[in-house]
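A.B. asks: Got a predicted structure plus its sequence, pasted below:
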Amino acid sequence: MTFNDTFLKACRGEATNYTPIWIMRQAGRYLPQYQKVRSGRSFLELCKSPELCVEVTLQPIDILNMDAAILFSDILIPMEAMGLELEFHEGKGPIFPQTVRDQAAVDKLIVPDPLETMGFVMETITLLRKELKVPLIGFAGAPFTCATYLIEGGSSKVFWETKKMMFTAPELFHSLMDKISRCTSKYLLAQAEAGAQALQLFDSWAGVLAPVDFESYAFPYVKRIINDLKPTGLPIIYFANNGSTLLEYSADSGADVIGLDWRINIGDAVKRVGNKAVQGNIDPFALLLPEDKLRGRIKKLLEDAKDAKGHIFNLGHGIHQFTPPEQAKIAVEAVHELSGR
């Protein structure tokens, strides 16, 4: 079987025979095959077992015929490597029992050697490259998103502690962002060296910031990391969730591909980002539509994206864990068929 590089071509804005598709969190809880592997193991245990990570990364490629694989891991793995205890609780998500809210806590954080502290991730990438017939996407969390978990101690709805630090102790906030950024660049460069073929920066919480605050507190670090990654020559995707208000910044980040959530028409986004490939952007819950309506939604989205420099079809965020896998399969087949495969 030949290597399918359609996704990489779309990232670079080259002509493709059809629109490639992959979906965020495609290796995950909605698949019974994933549940089977995960059964009896903690989430972190799974993340640190290269052979099992390979197995779950391959599942959506084999089952659903995706055009790209995304490394199975978590954005907070490097934060643990910086010296923080990380726990995952069912129903609560990630927890950092020791929060980072003063200079002493920031000073204690290390900028780790990725191979020494996260070698299991690079091992997973090396193993995957031997198996895959589609490109492999490596990834990391963007600094602002990672910082929120460290400052809040976990997920948050209002980000009180994070914004309090930004506005009342900006120097402290920037020193934390600087350290996270250095860790993130080294981590992504190690993924590139291990064989990742594209790199995505996930900024899941960027949309909680006013544009003026994004510009001051988050954007410089995104740009710095992307700049650090440029020498790899790999396509870089930047995804700011809830980021329709930040699109011009995203376009100016240096990324090759702009990830889009579902809160904007893709045609409008294409006009705003200019000469950039785009990735997205159907509402993950739209996968629940009856087949004819889902196909209609996909057809319209493909038409709306026709003027993009390149288009990678994706959801506007991760697939929901209770989505029936057969609905995801309908979406993949529809994208391939309607875009001309």
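C.D. replies: Received, thanks. Residues are numbered from 1 along each chain as shown.
A.B. asks: can you pull the contacts of Ser175?
C.D. replies: Applying C-beta atoms under 8 Å, 6 or more residues apart in numbering to Ser175 gives the contacts Gln103, Val106. (Each C-beta comes from the backbone N, C-alpha and C, glycine too.)
A.B. asks: pLDDT wise, what is it at?
C.D. replies: In the predicted model, Ser175 carries a pLDDT score of 98.
A.B. asks: Tell me if I am right that it is in a strand.
C.D. replies: No. According to DSSP: H, G, I helix; E, B strand; the rest coil, Ser175 belongs to no strand; its state is helix.
A.B. asks: What strand or helix carries the residue nearest the centre of the chain?
C.D. replies: By C-alpha atoms, centre = their mean, the chain has its centre lying nearest to Phe202, at 4.0 Å. Per DSSP states H and E, Phe202 falls inside strand 198-203.
A.B. asks: do the same with Glu116
C.D. replies: Glu116 belongs to helix 114-131, assigned by DSSP H and E.
A.B. asks: Where do the helices of the stretch 151-300 of the chain begin and end?
C.D. replies: For the stretch 151-300 of the chain, applying DSSP state H, counting those that start in this stretch gives helices covering 160-168, 170-194, 211-213, 219-229, 247-251, 266-273, 291-304.
A.B. asks: Ok, the stretch 1-150 of the chain next?
C.D. replies: 6-11, 32-38, 43-47, 50-64, 77-81, 103-108, 114-131, 143-152.
A.B. asks: Tell me which of those helices lies nearest to Val270.
C.D. replies: helix 6-11 (13.4 Å; C-beta to C-beta).
A.B. asks: Now do the helix holding Glu116 and helix 50-64, the angle between them.
C.D. replies: Orientation check (axes from the mean of the first three to the mean of the last three C-alpha atoms, to 10 degrees): helix 114-131 against helix 50-64 gives 40 degrees.
A.B. asks: quick one: low-confidence ranges for the stretch 1-150 of the chain?
C.D. replies: 1 (pLDDT under 70).
A.B. asks: repeat that with 90
C.D. replies: Residues of the stretch 1-150 of the chain meeting the criterion pLDDT under 90: 1, 89-92.
A.B. asks: Nearest to Ala331, out of the helices of the stretch 1-150 of the chain?
C.D. replies: Closest among the helices of the stretch 1-150 of the chain, using C-beta to C-beta: helix 50-64, at 8.7 Å.
A.B. asks: got a list of contacts for that closest one?
C.D. replies: 22-23, 26-28, 31, 33-34, 37-38, 41, 46-47, 66, 69-73, 120, 123-124, 127-128, 131-134, 136, 325, 328-329, 332.
A.B. asks: How far off centre is that helix?
C.D. replies: Once both centres are worked out by C-alpha atoms, centre = their mean, to the nearest Å, helix 50-64 turns out to sit 17 Å from its chain's centre.
A.B. asks: What residues sit buried inside it?
C.D. replies: Judged by neighbour count using 16 or more other C-beta atoms under 10 Å, the buried positions of helix 50-64 are 50, 52-61, 63-64.
A.B. asks: so which of those comes closest to Leu84?
C.D. replies: Closest to Leu84, out of all of the buried residues of helix 50-64 and judged by C-beta to C-beta, is Cys53, at 21.5 Å.
A.B. asks: do you know how far the closest one is from Gln59?
C.D. replies: Separation of Cys53 from Gln59 (C-beta to C-beta, to the nearest Å): 11 Å.
A.B. asks: where's Glu131 relative to Ala69, distance?
C.D. replies: From Glu131 to Ala69 the distance is 9 Å (C-beta to C-beta).
A.B. asks: What of Gly91?
C.D. replies: Gly91 is 28 Å from Ala69, by C-beta to C-beta.
A.B. asks: now swap in Val222 and tell me
C.D. replies: Counting by C-beta to C-beta, the gap from Val222 to Ala69 is 24 Å.
A.B. asks: Perfect, I'm done here.
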